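[1] What shape does this take:
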Amino acid sequence: VNASLTSLYLGANQIADEGAEHLAGALRVNASLTSVDISSNGVGPVGAEHLAGALRVNASLTVLDLSWNSLNETSTQAVRDAWRHGSGLIL
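    Below is the predicted model of the structure:
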């Protein structure tokens with residue numbers, strides 16, 4: 001895991017749920033990333049649930065952009081519930 005990377009922009013790369021699952025695995029153990037943008041990636045409810053799980057254990061992330069994805073109401077709420085910060089979450 002890279003300890004010096006603080007921002008990651010993956011917007012419009014079509015990582016979809018599978019990519020979100022891999023990213024979630026990395027976020028579980030990464031303590032340096034503070035900003036992640038995965039907007040416009042075709043991430044759906046399954047990927048959002050994986051990200052929500054990672055957010056429960058990641059304390060360093062302060063900005064997460066999930067805009068223009070395919071989240072449903074349940075997965076959006078799961079991400080909101082897991083988010084530790086008052087702002088910085090973009091859905």
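
[2] Could you list the residues in contact with the helix ranked longest in the chain?
    What stands out as the longest helix in the chain, according to DSSP state H, is helix 16-29. Residues from elsewhere that reach helix 16-29 (CB atoms under 8 Å, 6 or more residues apart in numbering): 1, 10, 13, 15, 33, 36, 38, 41-44, 46-48, 50-51, 53-55, 57-58, 61. To be clear about C-beta, it is placed using only N, CA and C from the backbone, and glycine gets the same treatment.

[3] do the same with stretch 30-44
    When contacts are defined by CB under 8 Å, 6+ apart, stretch 30-44 is touched by residues 1-17, 19-20, 23, 27, 51, 58-72, 75, 90.

[4] how long is it end to end?
    Counting by CA to CA, to the nearest Å, you get 23 Å between the two ends of stretch 30-44.

[5] For that stretch, what is the distance to the chain centroid?
    Put simply, stretch 30-44 sits 4 Å off its chain's centre (CA atoms, centre = their mean, to the nearest Å).

[6] Quick check: Arg84 touching Ala54?
    No. Using CB atoms under 8 Å, Arg84 is not in contact with Ala54; the gap is 11.6 Å.

[7] So if I had to pick from the two, which one is more boxed in?
    Neighbour tally, Arg84 and Ala54, criterion other CB atoms under 10 Å: the higher count belongs to Ala54, 21 against 13.
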